[in-house]
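> model this:
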Amino acid sequence: MHIKFNWLKNTYLIILGILFVLIVATPILISDGISFLTEEMTEMIIIFLLLIASILIYSFYQNELKKRVEQRDEAIKEIGKINVQIEKIKEAFETIEKYPENKSDLKYLMNALAEKILGIAPVDWVLLRIIDLNDQRTLTENLKTP
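This next block holds a predicted model:
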């Protein structure tokens, strides 16, 4: 996004620079009037049109800038929400008071953790999986839906 913003800013500055050069150079470029208009009237009309073009380009640039800032702010809010959810999930795992001693304890613990996660994260389902780190095989898993 930073590269796109720099491109937008540079393009805006280049176009604005060209328009200002044209505004300043208009009296030099117009040496005679156009058919029924005098030289001064022709210059005045062209300078006015170039000024309007400058204002429109500035307005477009400000609107694009505002959109980009809103997108950035929205992304930061989403990241904040996700960070809060991750912290709550970590807390849920840290509050385990005793380790399971048998399969029924493990199943109860996994169900309780899955329910906590469903309460924290806006998801349709949770899958908790215990994996053997040596051979990457799934030892057990628990799928929970609301």
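
> can you pull out the low-pLDDT segments for the chain?
The model of the chain has pLDDT under 70 over residues 1-5, 31-37.

> do a quick rundown of the strands in it.
Under the criterion DSSP state E, strands of the chain are mapped to 126-131, 138-144.

> with distance to Ile82 and mean neighbour count added, can I get these in JSON lines?
C-beta coordinates here come from the backbone N, C-alpha and C atoms, glycine included. Formatted as JSON lines, the strands of the chain follow (distance: least, Cβ to Cβ, whole Å; neighbours: other Cβ atoms under 10 Å):
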{"stretch": "strand 126-131", "distance to Ile82": "16", "mean neighbour count": "14"}
{"stretch": "strand 138-144", "distance to Ile82": "20", "mean neighbour count": "12"}
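
> Ser104 is nearest to which of those strands?
In terms of Cβ to Cβ, the element of the strands of the chain nearest to Ser104 is strand 138-144, at 12.3 Å.

> rewinding a little: so which of the strands of the chain gets nearest Ile55?
In terms of Cβ to Cβ, the element of those nearest to Ile55 is strand 126-131, at 54.3 Å.

> which neighbouring elements make contact with that closest one?
Helices and strands touching strand 126-131, by 3 or more Cβ pairs under 8 Å, 6 or more residues apart in numbering; DSSP states H and E, are helix 103-120, strand 138-144.

> please point out which parts of the longest one sit buried.
Applying a neighbour-count criterion of 16 or more other Cβ atoms under 10 Å, one finds 106, 109-110, 113-114, 116-118, 120 buried in helix 103-120.

> what does it rub up against?
Residues from elsewhere that reach helix 103-120 (Cβ atoms under 8 Å, 6 or more residues apart in numbering): 85, 88-89, 92-93, 96, 100, 123, 125-126, 128, 140, 142, 144-146.
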